[in-house]
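Engineer: Mind looking at a prediction? Sequence and model below.
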Amino acid sequence: MTATLDIPVPRTAATVHDDPNGEITDAFGLVIVPAAHRGRYTALWQLIQARTRRSVVNPMPLAYAREYATVLARTGIDWTRDPHDLAVDPDARAQMELARTTLEQAMWAGRPLWWACGSWSTHAPMWSVLNIAAMPPEEYKPVTFADVWWLTDVLAAPAVHYDPRPVWSLCCAAPLCGDPAGELLTPAVLSGHNEDGDPLPMRSPERAELTAAAEAIGWGRRDAHHWLCPACVTAHTDDSAW
Ligand SMILES: [Zn+2]
């Protein structure tokens, strides 16, 4: 049998809630527990069989443990089986080997086991509102349609132009980004702040403007289509001896 890896559906909320045996996972029979060495927490996590308390993989960062459990849930392996039976089952071994290779490659690259989405989204074009009486046009950035009205009110000699360029925004492509308690995870979106200091999603017709802003606050580019927010960069940084 040729083993294939069944990739999870994009942005599946992890099954995260308390259990005396550990954090329950999508893989029935497997739970996540803190990894200890000589009685001390190591900052890594273990994926173990709830019944036997045997580890199925080396300790790893929590985000990887959660993603890996989701991948293992889709292998079709019965994780409540005796570990010795699993170790001699050729189909189970092939599936586990494939999953482990996927995990190692993702850890090496500092990315999740799968991508939830592309990071770039397009939005409706924006508007340029120029104050002819005051500053040169290049001082003004494109604004949303909602902002056209108050700008035309406050400027002495406004001139409104429709900017035909598409507008971009950048979001985190990690599958478990967001609040895990939510049914559907909402990923982090690259944001600045409005004049009241509240977060405001950044949109621009210039991708370079967004990537410069993203890198300045710790977002990480993994390839042309996939970026990680600062929290997911940290979550996918592996300092263990894999
Ligand atoms: Zn994220």
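Structural biologist: Everything's here; your move. Predicted model, so just to flag it, every value in this text is computed and none were measured.
Engineer: Near the ion, which residues of this structure are found?
Structural biologist: Within the chain, the residues that sit near the ion (C-beta under 5 Å from the ion) are Cys172, Ala174, Cys177, Ala188, Cys229, Cys232. No exception for glycine: its C-beta is placed from N, CA and C like everyone else's.
Engineer: CA atoms only for the longest strand seen in the chain, dumped as CSV, please.
Structural biologist: As assigned by DSSP state E, the longest strand anywhere in the chain is strand 40-49. Presented in CSV, the C-alpha positions along strand 40-49 are these (Å, rounded to 0.1, in the frame of the first residue of the first chain):
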residue,chain,number,x,y,z
ARG,A,40,11.2,19.8,35.5
TYR,A,41,9.0,21.1,32.7
THR,A,42,11.1,21.4,29.6
ALA,A,43,8.9,24.0,27.7
LEU,A,44,8.1,21.2,25.2
TRP,A,45,5.0,19.0,24.9
GLN,A,46,4.5,15.3,24.4
LEU,A,47,1.8,13.5,22.4
ILE,A,48,1.0,10.3,24.4
GLN,A,49,-1.5,7.4,24.4
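Engineer: so what secondary structure elements neighbour that strand?
Structural biologist: strand 30-37, helix 62-73 (3 or more C-beta pairs under 8 Å, 6 or more residues apart in numbering; DSSP states H and E).
Engineer: Quick one: end-to-end length of stretch 76-94, please.
Structural biologist: One end of stretch 76-94 sits 12 Å from the other (C-alpha to C-alpha, to the nearest Å).
Engineer: start at 883 instead
Structural biologist: Yes, from this point I'll number from 883; that puts the last item at stretch 958-976.
Engineer: For it, buried residues please.
Structural biologist: Neighbour-count burial for stretch 958-976, counted by 16 or more other C-beta atoms under 10 Å, picks out Ile959, Trp961, Leu968, Ala974.
Engineer: cool, and stretch 1084-1101?
Structural biologist: Residues Met1084, Arg1085, Ser1086, Pro1087, Leu1092, Thr1093, Ala1095, Ala1096, Trp1101 are the ones in stretch 1084-1101 that count as buried (16+ other C-beta under 10 Å).
Engineer: Quick one: distance of that stretch to the chain centre.
Structural biologist: 17 Å (C-alpha atoms, centre = their mean, to the nearest Å).
Engineer: Give me the contacts around that stretch.
Structural biologist: Outside stretch 1084-1101, the residues that touch it by C-beta atoms under 8 Å, 6 or more residues apart in numbering are 1002, 1005, 1007-1008, 1023-1024, 1026, 1045, 1047-1052, 1054, 1072-1074, 1103, 1109-1112, 1115.
Engineer: Can you say which of those residues are buried?
Structural biologist: Among these, those scoring as buried are 1002, 1008, 1024, 1049-1052, 1054, 1072-1073, 1109-1111, 1115 (criterion: 16+ other C-beta under 10 Å).
Engineer: Which single one of the residues you listed is nearest to Pro994?
Structural biologist: Of all those, Pro994 sits closest to Leu1110, with 7.9 Å by C-beta to C-beta.
Engineer: For that closest one, which residues are in contact?
Structural biologist: Shown in contact with Leu1110 (C-beta under 8 Å, 6+ apart): Arg993, Pro994, Cys1054, Ala1055, Ala1056, Cys1059, Trp1101, Gly1102, Arg1104, His1118.
Engineer: okay, and for the chain, where does confidence drop off?
Structural biologist: Scanning the chain for pLDDT under 70 picks out 883-902, 1013-1023, 1038-1039, 1061-1066, 1123-1124.
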